[in-house]
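> here is the input, now give the coordinates:
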Amino acid sequence: MMRLAAGGLQFDAEVGGDPAGPAVLLLHGFPQHAGEWSEVVPALHAAGLRTVAPNQRGYSPGARPADAGDYRMADLTGDALSIVDAIGLADVHVVGHDWGAVVGWHLAARYPERVRTLTAISVPHPLALAEALAGPTDQRQRSAYFTLFRQVGKAEDLLLADGGRRLRALFAGVPADQVDRYVTPMLDRATLTGGLNWYRGMSRADTDGLGPVTVPTTYVWSDGDVAIGAAAAHGCAGYVTADYRFVGLTGVSHWIPDEAPGAVAEAVLARTIG
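Numbers count the residues shown, from 1 in each chain. All right, here's what the predicted structure looks like:
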């Protein structure tokens, strides 16, 4: 783990692979950290890629503003761009899971000159998700947990009670020996609040002016995902105007990089090096 100074903050990051190889920015989701890519990166390194996996805003102690208003999507995408700048690159391949995928979609749509390709995992284009939430689907029920996570204090109390029992329950599908590596850091209340602030900083204004993605894109989803339903997943294609590939998995949970790292690596390599 190394520390990257970016945008006035200090991000802990896992950096590896060929320093001269094409760079891949790996963006994790909630409630995880850069370690969620540990089973994916060996295949990327073997193919000659360089990887940069930061603990994002709220997760790195040196990048943890206390105010939820500092976790707007503009702040989160700004962090990613600052990290790319810090490693001296003009553009990168972007891979994101969960909230990391949301950041990836915004980066690719708003800053296509900085994104060579996008591989988004689990969470589709924000407008595809919004369309499903507004339509006659079960997506509103699937996303109901957002209401809890936005409640300051109550969410922390519930998730930390009984030694983090509910935190552990979130990781259904993840191999048992891997769950503790995510839960243990989150038992620190400040770290958990940093992650929850992503939900508290979100607003409808995040999608103002957001258009379709114009860079080559792969979207990976599984029918075992309890958070994202089929309507949102399949609607994603309508929000990409460049080459688009949908990788559908069967029986895998929301935690695809943990449960199916080989499938993730295959999708990333197919998109980044062909």
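
> now Asp12. Its backbone dihedrals?
phi -80, psi 140 (degrees, to the nearest 10).

> try the one 3 residues further on
The main-chain torsion angles of Val15 are listed as degrees, to the nearest 10 and equal phi -120, psi 130.

> list the contacts of it.
Counting by C-beta atoms under 8 Å, 6 or more residues apart in numbering, Val15 touches Met2, Arg50, Thr51, Val52, Ala53, Ile87. C-beta: built from backbone N, CA, C; applies to glycine.

> now these as TSV including distance to Leu129?
Compiled in TSV, the contacts of Val15 are given as follows (distance: C-beta to C-beta, whole Å):
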residue	distance to Leu129
Met2	33
Arg50	31
Thr51	27
Val52	26
Ala53	24
Ile87	30
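
> my read: Val52 touches Ile83, true?
Yes. The pair formed by Val52 and Ile83 meets the contact definition of C-beta atoms under 8 Å, at 6.8 Å.

> are there residues contacting both of those two? Which ones?
Ala13, Leu25.

> element containing the most centrally placed residue in the chain?
For the chain, the residue nearest the mean C-alpha position is Gly100 (1.7 Å; C-alpha atoms, centre = their mean). Using DSSP states H and E, the element containing Gly100 is helix 99-110.

> contacts made by the following helix or strand past that helix with the rest, please.
Heading C-terminal from helix 99-110, the first helix or strand you meet, by DSSP H and E, is strand 115-121. Applying C-beta under 8 Å, 6+ apart, the external contacts of strand 115-121 come out as 22, 91-98, 100-101, 104-105, 107-108, 213, 215-221, 256-257, 264, 267-268, 271-272.

> strand 115-121: what's the following helix or strand?
Next element after strand 115-121 (DSSP H and E): helix 126-134.

> list the buried ones in stretch 98-106?
Asp98, Trp99, Gly100, Ala101, Val102, Val103, Gly104, Trp105, His106 (16 or more other C-beta atoms under 10 Å).

> just to revisit the earlier point, the helix holding Gly100 versus strand 115-121: what angle between them?
150 degrees (axes from the mean of the first three to the mean of the last three C-alpha atoms, to 10 degrees).

> can you spell out which helices and strands pack onto the longest helix belonging to the chain?
Ranked by residue count and defined by DSSP state H, the top helix of the chain is helix 154-170. Judged by 3 or more C-beta pairs under 8 Å, 6 or more residues apart in numbering; DSSP states H and E, helix 154-170 is in contact with helix 145-149, helix 176-186, helix 189-201.

> quick one: which of these is nearest Val252?
helix 176-186 (14.4 Å; C-beta to C-beta).

> so what's the gap between that closest one and the chain middle?
17 Å (C-alpha atoms, centre = their mean, to the nearest Å).

> pLDDT averaged over that helix - what is it?
Across helix 176-186, pLDDT averages out at 93.

> which residues are contacting that helix?
Here helix 176-186 has contacts from 31-33, 35-36, 59, 159, 164, 167-168, 171, 174, 191-192, 195, 258, using C-beta under 8 Å, 6+ apart.

> hmm, 10 Å instead?
28, 30-33, 35-36, 38-39, 55, 59, 156, 159-160, 163-165, 167-172, 174, 187, 191-196, 255, 258-259 (C-beta atoms under 10 Å, 6 or more residues apart in numbering).

> any idea which of the helices and strands packed on helix 154-170 is most buried?
Comparing those by mean neighbour count (mean count of other C-beta atoms under 10 Å), helix 189-201 ranks first with a mean of 21.

> tell me the angle of that one relative to helix 99-110?
Going by the same axes, to 10 degrees, helix 189-201 makes 40 degrees with helix 99-110.

> and the next element down the chain from helix 189-201?
strand 217-222.

> neighbouring strands of that next one in the sheet, and parallel or not?
Sheet pairing of strand 217-222 (DSSP bridges) gives strand 115-121 (parallel), strand 244-249 (parallel).

> distance to Tyr182 and mean pLDDT added to the ones you listed, as a markdown table?
As requested, those are exported to a markdown table (distance: least, C-beta to C-beta, whole Å; pLDDT from 0 to 100):
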| stretch | distance to Tyr182 | mean pLDDT |
| --- | --- | --- |
| strand 115-121 | 16 | 98 |
| strand 244-249 | 21 | 98 |
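
> run the angle between the helix holding Gly100 and helix 126-134 for me.
120 degrees.
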